[in-house]
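> Give me a 3D structure for the following:
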Amino acid sequence: MSPTPEMKTQTLAETDNYIAWQAEEPDEVTYHLELNNVTLHFFTEEWLEFLDLARLLVKEEGRPGSAR
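Sure, this is the predicted structure:
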């Protein structure tokens, strides 16, 4: 039986309550958001779409009449 290769992890960003990190496995990279007691898991394509959404949210935040 061959040994299982280790998963490499990297913290992408962190605040007092939240953390975004990635896990690099031999066959894929996954992304994870830990938001207090909720953790979201993304495959690369999903992560890229989530980042697009986050950019839109940041862009909209500066517009007049935007909710805060």
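
> Can you show me the strands along this protein?
Assigned by DSSP state E, the strands in the chain fall at 8-14, 18-24, 29-35, 38-43.

> what would the ones you listed look like in TSV with mean pLDDT, distance to residue 52 and mean neighbour count?
Backbone N, C-alpha and C define where each C-beta goes, glycine included. TSV is the format used below for these (pLDDT from 0 to 100; distance: least, C-beta to C-beta, whole Å; neighbours: other C-beta atoms under 10 Å):
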stretch	mean pLDDT	distance to residue 52	mean neighbour count
strand 8-14	97	16	11
strand 18-24	97	15	15
strand 29-35	97	13	15
strand 38-43	98	12	12
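
> Just send those back as CSV, with distance to residue 61 too.
Listed next are these as CSV, based on distance: least, C-beta to C-beta, whole Å:
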stretch, distance to residue 61
strand 8-14, 18
strand 18-24, 17
strand 29-35, 18
strand 38-43, 21
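
> can you tell which of these is closest to residue 58?
Nearest to residue 58 among the strands of the chain is strand 8-14 (13.6 Å), distances taken as C-beta to C-beta.

> Now for the closest residue in space to residue 30 that isn't next to it in sequence: which residues touch it?
The shortest distance from residue 30 to any non-neighbouring residue, by C-beta to C-beta, 6 or more residues apart in numbering, is to residue 23 (5.0 Å). By C-beta atoms under 8 Å, 6 or more residues apart in numbering, the residues touching residue 23 are 7-9, 29-32.

> which among these gets closest to residue 16?
Out of these, the member with the shortest distance to residue 16 (by C-beta to C-beta) is residue 32, at 17.6 Å.

> Can you verify my assumption that the closest one contacts residue 38?
No - in this structure, residue 32 is not within contact of residue 38 by C-beta atoms under 8 Å, at 11.0 Å.
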